[in-house]
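> Sequence below, structure please.
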Amino acid sequence: MSQAATVDDVFYALSNATRRKVLEQLSSGPATVSELAAPFDMKLPSFVQHLSVLERSRLVKSSKQGRVRTYEIAPEKFKAAEDWFAERRKLWESRLDRFDEYVRQLKEKESQA
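Numbering: from 1, shown residues only. You can find the predicted model right below:
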């Protein structure tokens, strides 16, 4: 899977408030589908679709023991989003530094005139 596809999958998964709340729940530790679904006012099949999106994006992983499926955070894929933000930050910091230098030069010219 390409880096761009990975980032797209991660941001798609994070674009939904329900999925973000599930990730917040999982940041405390693994949880079963029932535990994750409890705070949400939706039918279980709809909720499981959210879990499927998170699993396809590889932000979570699941395991099944008997009839109980448990989910946990898979932190590796969050790095793709972090790297994307870091690249954007670097670009904008560079642009702002150049703009700051330009303004400084204008002020120097103005004070010399």
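
> pLDDT at residue 68, what is it?
On the pLDDT scale, residue 68 is placed at 95.

> tally of neighbours for it?
10 (other CB atoms under 10 Å). No exception for glycine: its C-beta is placed from N, CA and C like everyone else's.

> now the strands: where do they sit in this structure?
31-32, 60-65, 68-73 (DSSP state E).

> Note down every partner strand of the last one and its orientation.
When sheet partners are counted by DSSP bridges, strand 68-73 sits next to strand 31-32 (antiparallel), strand 60-65 (antiparallel).

> mind putting the ones you listed in CSV, mean neighbour count, mean pLDDT and distance to residue 75 included?
As requested, the strands paired with strand 68-73 are exported to CSV (neighbours: other CB atoms under 10 Å; pLDDT from 0 to 100; distance: least, CB to CB, whole Å):
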stretch, mean neighbour count, mean pLDDT, distance to residue 75
strand 31-32, 15, 97, 16
strand 60-65, 14, 96, 10
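
> Return the list of helices and strands in contact with the helix or strand bottoming out on mean pLDDT in the chain.
The helix or strand of the chain with the lowest confidence, counting by mean pLDDT, DSSP states H and E, is helix 3-14 at a mean of 85. For helix 3-14, the helices and strands in contact under the criterion 3 or more CB pairs under 8 Å, 6 or more residues apart in numbering; DSSP states H and E are helix 17-26, helix 44-56, helix 78-112.
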